[in-house]
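Enquirer: Make a model of this:
(2 chains)
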Amino acid sequence: MMTQDVWEVIWLSLQVTTVSVAIGMLAGIPTGTLLGLYSFRGKRFVVALIYTCMGLPPVLVGVVVYLLLSRYGPLGSLGLLFTPEAMIIAQVILVTPILAGLTMSAVQAKERAYWETAKSLGASPVQMMITIVREARGGIWSGVAAAYGRAISEVGAVMLVGGNIEHHTRVMTTAIILETRTGNFTAGLQLGLVLLAISFLFNSFLMAGVLNQMKSRRR
Amino acid sequence: MDRVEVRNLEVTYGNRTVLAVDRVSFERGGFYGIVGPSGAGKSTLLRIMNLLERPVSGQLHLFGTEVDLTSLSYAKGLPLQRQMGFVAQKPSMFQASVYDNVALGLRYRKKSRMEMQALVEEALELVELSHVRDQRANTLSGGEAQRIALARTLVCDPSLLLLDEPTASLDPYNISIFERVIQTIHRQKQTTILMITHNLPQARRLAQTCLFVNNGRIVERSDTEAFFHRPRCTELADFISGRMIC
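Expert: Residues are numbered from 1 along each chain as shown, chains lettered A, B, ... in the order given. Reported below is the predicted structural model:
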C-alpha cells in the first residue's frame, strides 16, 4: 500500500469516527443525563432498551442501515449507500446507546450524593443539572472513550454500508481485512498498530483533559 | 406573620405515618433545639421544611410567604429554598477547591465575582479555615469539611438555618468552633436557627427554646431552662434522664 493511501485511510477513519462520536455525544449525553436525573413512567423499559442497544451487533446495524439506504429502501432516494455518510449513520447508531447508558450511570451515581446539597444551596433545575453533570464528568468522559474505541475499531457495519471502496470509503479496519485477505499480513499488522496508537493517543488526551479539568479552579 | 410555621403536616412512608404535626411555629431570630430518640421524625421535619421531601399534606409559612408543600414545584419553591440554609450530619463536598465549594450558592444566585470573593473570604475567616481556601475540598478532614459546609451555607445569608445533627461526628475542638460560629451568626444577623441534636448539653448551651419529638409528634415545647429542669411529660423526663424508650 502506498504511504499516501495509508494516510488517506487513517484520515477517513478519524473523520468518520470523530463525527460519529460527536453526533452521538449530542444525542447520548443529554439523554443519559435526563434518564439519570428524572423518573417517569416507562423509564425501566427505556433503560432496558438502552442497555440492550449498548451491545448491538454491528453487522445487524449494518444490515438495517443498508436496507434503509439501498435504492429501494425508504431512504434510498438520498443516495447515501456506500458513502462516508452511511458509515457515520451506522456508527452513530452504535455509539449513542453507549454514551447514553454510561452517562446515565455516572449521573445516577452522583445524583444521589449531590442532589440534596445542590438543592439546599438554591440551585435552579438547570443549575442542578449542570452541577451534577460536572460532578459526573469523569464517568461521562469514560463513556466518550468507550464510544470512540467502539467506533474506530468497528468493521462489520462500515464494511456493509461503506463497501470498502478505495479512495472513497476505505477505513483502517476495512483496509486491515483487505490486506489480510490478500495475504499481506505485514501491512495488516502495521495498520492494526496505527489503530492501536490512535486509540492510545485519544485516551491519553482525554484522561489528561479530565484530570486537568478536575484540578482546575474556576477563579 | 414574621415567623416560620408548619401546619397540618403529615408524612407517611408506605402505610406508616412517620410525622404528624398540627401546627408548629418558630419566631424570627429564635434559636430552637430539637431533641428526641432516633427515628422520631426530627430529620424528616427539617427535610420537609427544606423542601427536600414532599409530605402527604402540609403548609409552610416562611416569613410572609405561604405555600402548600404537597403541590409545590421545584421552580416555585426556589425563592423559599434560597431563604433557607441546611447543614446535614455528613457534609458532601463537590470535586473542586474549598473556595469553589463555598462560592457555589453565590454562583447559583449570580453574584458578581468581586462580591463573591469578599463574601467567601469572610465566610472562610468565620469558620477559621482561610488557610485551606485553595485546597481540594475532598482532602479536608471530617471536621474541616463540616465547617466548610457551614461556611457554604452561611455565605448565602439564610434567614432560616436548619441544622441536622451537624456536630454528631465532630471532635470537641471542631464542635466548639461550630457552636461559636452559629452563636455569632444568631447574635449578629438574627438568623432563625433550628438545630437537631442528640447532645443534650449542647441543646442546653445554645437553644433558647427546645422541642421534644417522639413517635412522629411534637410532644413538648418550652424554653430551655424549663425544658430540662421542669419537663411536663414523663416521656421527656425519661428521655432526659436516659431511661427512655425507643
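
Enquirer: Chain B against chain A: which residues are in contact?
Expert: Proximity of chain B to chain A (CB under 8 Å from any CB of the partner chain) is limited to residues B:50-52, B:74-75, B:78, B:81-82, B:84-86, B:88, B:92, B:94-97, B:99-100, B:104-105, B:108-109, B:117, B:134, B:136, B:152-153, B:156. No exception for glycine: its C-beta is placed from N, CA and C like everyone else's.

Enquirer: Give the other helices and strands that whatever helix or strand residue A:175 lives in contacts.
Expert: Element membership of residue A:175, judged by DSSP states H and E, is helix A:172-181. In terms of contacts (3 or more CB pairs under 8 Å, 6 or more residues apart in numbering or on different chains; DSSP states H and E), helix A:172-181 is packed against helix A:3-37, helix A:156-162, helix A:185-215.

Enquirer: Run through who's touching the shortest one.
Expert: Put plainly, it is helix A:156-162. Here helix A:156-162 makes contact (CB atoms under 8 Å, 6 or more residues apart in numbering or on different chains) with A:16, A:57-59, A:61-63, A:65-66, A:69, A:81-84, A:86-87, A:89-91, A:94, A:169-171, A:173-174, A:177.

Enquirer: circling back: in ChimeraX, select just the buried ones from the residues of chain B next to chain A.
Expert: The ChimeraX command for the buried members of the residues of chain B next to chain A (criterion: 16 or more other CB atoms under 10 Å in any protein chain shown) is given here:
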select /B:50,51,52,78,81,82,84,85,86,88,92,94,95,96,97,99,100,104,105,108,109,136,152,153,156
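
Enquirer: Give me the outermost residue of chain A relative to its centroid.
Expert: Computed with CA atoms, centre = their mean, the residue of chain A farthest from its C-alpha average is residue A:120, at 35.8 Å.

Enquirer: wait, I meant chain B
Expert: Farthest out in chain B is residue B:114, which, by CA atoms, centre = their mean, sits 28.6 Å from the centre.

Enquirer: Flag every buried residue along the helix or strand harbouring residue A:112.
Expert: Here residue A:112 sits within helix A:84-120, counting by DSSP H and E. Across helix A:84-120, burial judged by 16+ other CB under 10 Å covers A:84-108, A:110-111, A:114-120.

Enquirer: at contact distance from chain B, anything in the very next helix or strand once past that helix?
Expert: For helix A:84-120, the following helix or strand on the C-terminal side (DSSP H and E) is helix A:125-135. Yes. For helix A:125-135, a contact with chain B is found by CB under 8 Å from any CB, at A:125, A:127, A:131, A:134, A:135.

Enquirer: Kindly export helix A:125-135 (C-alpha atoms) in CSV.
Expert: Below are the C-alpha coordinates for helix A:125-135, written out as CSV (Å, rounded to 0.1, in the frame of the first residue of the first chain):
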residue,chain,number,x,y,z
PRO,A,125,-33.4,23.0,37.9
VAL,A,126,-30.9,23.9,35.2
GLN,A,127,-28.1,24.7,37.6
MET,A,128,-28.8,21.4,39.4
MET,A,129,-28.4,19.5,36.1
ILE,A,130,-25.2,21.4,35.3
THR,A,131,-23.8,20.7,38.8
ILE,A,132,-24.5,17.0,38.7
VAL,A,133,-23.1,16.7,35.1
ARG,A,134,-19.9,18.5,36.2
GLU,A,135,-19.6,16.0,39.2
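
Enquirer: Just the buried residues of that helix, please?
Expert: So for helix A:125-135, counting by 16+ other CB under 10 Å, buried means A:127, A:128, A:129, A:131, A:132, A:133, A:134, A:135.

Enquirer: Could you list every helix and strand in contact with it?
Expert: Using 3+ CB pairs under 8 Å, 6+ apart, helix A:125-135 sits against helix A:3-37, helix A:84-120.

Enquirer: can you pull up the bridge partners for residue B:13?
Expert: On the basis of DSSP bridges, residue B:13 is bridged to residue B:16.

Enquirer: Against chain A, how distant is it?
Expert: To chain A, residue B:13 is 17 Å away according to CB to the nearest CB, to the nearest Å.

Enquirer: returning to what we had before: winner for burial among the helices and strands packed on helix A:172-181?
Expert: Each of those was given a mean neighbour count from mean count of other CB atoms under 10 Å in any protein chain shown, and the largest, a mean of 25, is that of helix A:156-162.

Enquirer: What's the separation between the residue farthest from the centre of chain B and chain A?
Expert: Residue B:114 is 12 Å from chain A, where distance means CB to the nearest CB.

Enquirer: for chain A, where's the lowest mean pLDDT among helices and strands?
Expert: Within chain A, confidence by mean pLDDT, DSSP states H and E is lowest for helix A:185-215 among all helices and strands, at a mean of 81.

Enquirer: quick check: angle from that one to helix A:172-181?
Expert: Going by axes from the mean of the first three to the mean of the last three CA atoms, to 10 degrees, helix A:185-215 is angled at 160 degrees with respect to helix A:172-181.

Enquirer: Helix A:185-215 vs helix A:3-37, what angle?
Expert: Using the same axes, to 10 degrees: helix A:185-215 against helix A:3-37 is 40 degrees.

Enquirer: now helix A:185-215, how far from the centre of its chain.
Expert: 15 Å (CA atoms, centre = their mean, to the nearest Å).

Enquirer: Quick one: list the elements packing against that helix.
Expert: Against helix A:185-215 (3+ CB pairs under 8 Å, 6+ apart) you get helix A:3-37, helix A:137-152, helix A:172-181.
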